[in-house]
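1. got a sequence here, can you model it:
(chains A, B, C, D, E and F)
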There are 6 protein chains.
Amino acid sequence: MTKSLTHIDAEGTARMVDVGAKPSTQRTAVAAGQIAMSTAALAAIQAGDAPKGDVLGTARIAGIMAAKRTAELIPMCHPLMLDAVNLDFRFDDRAIHVRATASLTGPTGVEMEAMTAASVALLTIYDMAKALDKGMVIGEVRVVEKTGGKSGHWIAEGYSA
Amino acid sequence: MTKSLTHIDAEGTARMVDVGAKPSTQRTAVAAGQIAMSTAALAAIQAGDAPKGDVLGTARIAGIMAAKRTAELIPMCHPLMLDAVNLDFRFDDRAIHVRATASLTGPTGVEMEAMTAASVALLTIYDMAKALDKGMVIGEVRVVEKTGGKSGHWIAEGYSA
Amino acid sequence: MTKSLTHIDAEGTARMVDVGAKPSTQRTAVAAGQIAMSTAALAAIQAGDAPKGDVLGTARIAGIMAAKRTAELIPMCHPLMLDAVNLDFRFDDRAIHVRATASLTGPTGVEMEAMTAASVALLTIYDMAKALDKGMVIGEVRVVEKTGGKSGHWIAEGYSA
Amino acid sequence: MTKSLTHIDAEGTARMVDVGAKPSTQRTAVAAGQIAMSTAALAAIQAGDAPKGDVLGTARIAGIMAAKRTAELIPMCHPLMLDAVNLDFRFDDRAIHVRATASLTGPTGVEMEAMTAASVALLTIYDMAKALDKGMVIGEVRVVEKTGGKSGHWIAEGYSA
Amino acid sequence: MTKSLTHIDAEGTARMVDVGAKPSTQRTAVAAGQIAMSTAALAAIQAGDAPKGDVLGTARIAGIMAAKRTAELIPMCHPLMLDAVNLDFRFDDRAIHVRATASLTGPTGVEMEAMTAASVALLTIYDMAKALDKGMVIGEVRVVEKTGGKSGHWIAEGYSA
Amino acid sequence: MTKSLTHIDAEGTARMVDVGAKPSTQRTAVAAGQIAMSTAALAAIQAGDAPKGDVLGTARIAGIMAAKRTAELIPMCHPLMLDAVNLDFRFDDRAIHVRATASLTGPTGVEMEAMTAASVALLTIYDMAKALDKGMVIGEVRVVEKTGGKSGHWIAEGYSA
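-> Here you go, the predicted model:
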């Protein structure tokens, strides 16, 4: 195996990777995730959402704001100048699904920004619905698509956008 | 159904709940979660972890620091004075499992602090291992145990600590 | 004049006031403010606001989140544990009006948290509407009502809630 | 009307504008504002200000530091690398006037950074003088001048620097 | 030796100490430190300081603001509600000396808040004077006095206030 | 003397230097520092460090994370996009020594990021060892080496890496 942990040096010490020599390219990353909850909780959010959209609206804002602070939260992440980050939500009969897209022109990928946006949006839904359902579970949070950088266009196995 | 979304008022507008009249009690919350990855990635983290513990060590610090900033990330969360927050990790043959425990003496629960600690710790592992495995998935992030507050001692169905 | 600048000592040096000896009491503060804009910009926000409420919804979240960070922004403010902060908006034919209410149980007032919430909510509206009207003006930002602390219930001259 | 709310999409959902395709140019923005207060409060600040400059000095630092954190406070603002931000103050017989100038080389304007600097500087003055005058009012906060970007040099109607 | 590292458990893992059972008492801590520099740099700061006090004034604000964010910077520090933090400066013929005093009523000491205030104030002086003297050295940063908590009044050996 | 305080203008007012006209170049800075402590405290850290490396591991993470937030802490610092920041530690018989290296491609130097990383790492060690030794002293914090920018390669007098 030639691959290795990029943030750990030969002595096992945590390292921030030096991106100074990497070229600046246009990159995007899409992360997805979901929060499973009871039918009653889903119905309340959909109903509460009808007039003002405030549960998902609040989660969207929280996700966007968190993406901009990714480098403050994740120790080895580089500060980045995001071009954009946006989130969409979708209901099915057992969960709310989030999809977060982040983009930038820079020397390093934006997976962590998309993953952070999705995670914090899901945590925000959890917070706003926890009085309705104590058993909610956040899951399936992963990168589903990437463009730019040396690996080019990549789509997660079994994922269709 | 008498339960309702506590952060949404009668007009569907997002609201921060007023905790001014709630008594201050001793509370704890435990959140659990996992990150599934390839056998090779798991082995590299365990090996890289042997001499210095830096992947999980970094994730632990990131989780503790994020818990202290929960109210900055989650819009409707109250600022809290955490008494403590700590994280433990466990490997099985397909995932790393995290367990985050938060405690405080205050008028409101600490579920969100525990959930934020677990989520950011898992995101940190993702960041440090993503060069090894693009297909990692974060999941099963949920509150598994709570003490204090009006619901007393609560354990998630099917969970054993 | 017996009153003096509480944050400046006898030598003219900026000081953080020591609140250690002040008793903890229940306090609220209400701040108001407005952003004047063209009829077309107002109409676009009201229309854009119809289905999802997102301009004012975003401004509300921004105001709540900023209130929690008041002590990070205003150098001499004490860190506080807000019980709640909420915002309401109202349109008239030349401006959007905001009203922010903050409350806590603590040794010092919450005027600055209410003022910060109102100011950042208005800045957020400015940001989201600036492509429509370059000439918007934020104004009349002030404390309009206070309860608790040694001055008791106070209402700004000429203000009716 | 062909103009529309740039941060709201066709479905009324809040969006962060993608600036990835916008060219990087040299830009400046100037924001102005004021805080009206009693003659006694103005006199105390001017006098207290004589030896050490600490009220306005503190407000200046607070404004500069807040400008650097604009993207953390205003949900749809992009993170920017400010080249500079500076503030000047001026007294007249009923108010203190602030003027904040921000500049950067980048794909998007710096109005919000200048507006945030001015607003937080005025909030800081409010905080430091509120023991002297409960009736202070912050107002006339607006962008008065811009250079760079596609609109070129723009000066607010009726404004002279 | 019965003393041990309070933040490291029996297995060598970093831990945040649980302060939930500790009583809340009135506490203060004083930290001192210095920045040594050339005579020319010292003279420039003193001269530049005459009219407006801006080098030391800026360092004072930076120190106060940093103290309020100690728990964000130092991983194992608890969030605290500081009652006050203030800084004083003194020149001698080879250095500027800082003295930072922090106080709170709470379950844990404020040494780290005082130490952080002193350190960031010295870093700010370094930043503002580095064009004059590349060889400045920050040193002698330590706690010199503490009151409250179980050790009562403590003064560092050889220190006189 | 032709040199002057770059952050103070002719009137003695604090200013953020405008870096808009400065070319972007590759730059590095190395800061060093130490924390002196008792033999017993040194031994405990080394022993506690054997299995998991958590005292120095925590200090390293804290230093890296603080470096990314330098512009939030030091009022006149520009926001920068660090390419990397890393820290190394070394024991001698009376102190732990830290060496922090920061690099970026940009218009201004990274001394302050390296100095902030070193200072916060030392503060973190202080926090984690203060129960063992109340008399620890942080000192000799300074820039020891710089490359890039108009002064080229510079090494502090008497320093050997």
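
2. mind checking the end-to-end distance for stretch A:71-84?
-> End-to-end span of stretch A:71-84 (C-alpha to C-alpha, to the nearest Å): 16 Å.

3. list the buried residues of it.
-> A:71-84 (16 or more other C-beta atoms under 10 Å in any protein chain shown). No exception for glycine: its C-beta is placed from N, CA and C like everyone else's.

4. go on, stretch A:148-161?
-> A:148-149, A:156.

5. avg pLDDT for the helix or strand where residue A:127 lies?
-> If you go by DSSP states H and E, residue A:127 is part of helix A:111-129. For helix A:111-129, the mean per-residue pLDDT is 96.

6. does chain F sit close to it?
-> No - for helix A:111-129, no contact with chain F is found by C-beta under 8 Å from any C-beta of the partner chain; the gap never falls below 13.4 Å.

7. is that helix anywhere near chain B?
-> Yes - remark: helix A:111-129 sits within contact range of chain B at A:111-112, A:115-116, A:119-120, A:123-124, A:126-129, by C-beta under 8 Å from any C-beta.

8. stretch A:83-91 too?
-> No - using C-beta under 8 Å from any C-beta, we find that stretch A:83-91 stays clear of chain B, coming within 13.9 Å at best.

9. tell me the mean pLDDT for that stretch?
-> Per-residue scores along stretch A:83-91 average to 94.

10. buried ones in that stretch?
-> So for stretch A:83-91, counting by 16+ other C-beta under 10 Å, buried means A:83-87, A:89.

11. give me the subset of the residues you listed lying in strands.
-> Cross-referencing the buried residues of stretch A:83-91 against strands under DSSP state E gives A:84-87, A:89.

12. hmm, which two among these are most spread apart?
-> A:84 and A:89 (17.4 Å; C-beta to C-beta).

13. who's in contact with whichever residue of chain A sits closest to chain E?
-> Closest residue of chain A to chain E, C-beta to the nearest C-beta: residue A:72 (8.7 Å). Counting by C-beta atoms under 8 Å, 6 or more residues apart in numbering or on different chains, residue A:72 touches F:65, F:68-69.

14. which one of those residues is nearest to chain C?
-> Using C-beta to the nearest C-beta, residue F:69 is the member of the contacts of residue A:72 that lies nearest chain C, at 11.6 Å.

15. make a markdown table out of the buried residues of stretch A:71-84 and add secondary structure.
-> Output for those, formatted as a markdown table (DSSP: H, G, I helix; E, B strand; the rest coil):
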| residue | secondary structure |
| --- | --- |
| A:71 | helix |
| A:72 | helix |
| A:73 | helix |
| A:74 | coil |
| A:75 | coil |
| A:76 | coil |
| A:77 | coil |
| A:78 | coil |
| A:79 | coil |
| A:80 | coil |
| A:81 | coil |
| A:82 | coil |
| A:83 | coil |
| A:84 | strand |
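
16. quick check: the two most widely separated of these?
-> A:75 and A:84 (24.6 Å).

17. can you tell me if the helix holding residue A:127 touches chain D.
-> No - Helix A:111-129 stays clear of chain D (C-beta under 8 Å from any C-beta), getting no nearer than 10.3 Å.

18. give me the buried positions along that helix.
-> Judged by neighbour count (16+ other C-beta under 10 Å), helix A:111-129 contains these buried residues: A:111-129.

19. okay, the residues of helix A:111-129 next to chain B in JSON lines with distance to chain C next?
-> Shown next, in JSON lines, are those (distance: C-beta to the nearest C-beta, whole Å):
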{"residue": "A:111", "distance to chain C": "25"}
{"residue": "A:112", "distance to chain C": "21"}
{"residue": "A:115", "distance to chain C": "21"}
{"residue": "A:116", "distance to chain C": "16"}
{"residue": "A:119", "distance to chain C": "17"}
{"residue": "A:120", "distance to chain C": "12"}
{"residue": "A:123", "distance to chain C": "14"}
{"residue": "A:124", "distance to chain C": "10"}
{"residue": "A:126", "distance to chain C": "16"}
{"residue": "A:127", "distance to chain C": "13"}
{"residue": "A:128", "distance to chain C": "12"}
{"residue": "A:129", "distance to chain C": "17"}
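
20. cool, thanks, signing off.
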